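quick one, structure for this:
(one chain, ligands or ions: 2)
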Amino acid sequence: MADATDYAATFKLFDLNGDGLISADELKQVFEKLGDQVSPEALTAMVSFLDSDKDGLISLEELTAYLAGPRAEPDATSAPASQDAAPDAQA
Ligand SMILES: [Ca+2]
Ligand SMILES: [Ca+2]
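Ligands and ions are numbered 1, 2, ... in the order given. Sure thing, here's the model as predicted:
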């Protein structure tokens, strides 16, 4: 009893420009709306985790496959914290 309309509603939350695909930039904007700062590395990791056909975008089918599939957490919490690019010019 997969509720496809429920997945479609979730998908629409992320597909901000309504083109039927979720880009990394759209993911970023949604997370920022929720008050979360997500690193580009974590976004890339999330997209590639969901993007099973590797076109760089998440389709409704790909999101549905994830939501309907066996529970598997994207490995976004272990994003590399090595990029220390603080624009703190003290020269
Ligand atoms: Ca879109
Ligand atoms: Ca894709």
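
where in the chain is pLDDT low?
In the predicted model, the chain carries pLDDT under 70 at residues 1-2, 71-87, 89-91.

please enumerate the strands of it.
According to DSSP state E, the chain carries its strands in the segments 21-22, 58-59.

can you redo those as CSV with mean neighbour count and distance to ligand 1?
Glycine gets a C-beta too; all of them are placed from N, C-alpha and C. Output for the strands of the chain, formatted as CSV (neighbours: other CB atoms under 10 Å; distance: least, CB to the ion, whole Å):
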stretch, mean neighbour count, distance to ligand 1
strand 21-22, 22, 5
strand 58-59, 22, 9
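
mind checking those strands for the one nearest to ligand 2?
strand 58-59 (5.2 Å; CB to the ion).

from the contact counts, what lies against the closest one?
strand 21-22 (3 or more CB pairs under 8 Å, 6 or more residues apart in numbering; DSSP states H and E).

for the strand it packs on, give me every contacting residue.
Outside strand 21-22, the residues within contact range by CB atoms under 8 Å, 6 or more residues apart in numbering are 11, 14-15, 47, 57-59, 63.

out of those, grab the one that's most surrounded.
Compared across those, Ile58 has the highest neighbour count, 26 neighbours, by other CB atoms under 10 Å.

show me what contacts that residue?
Applying CB under 8 Å, 6+ apart to Ile58 gives the contacts 14, 21-23, 27, 47, 50-51.
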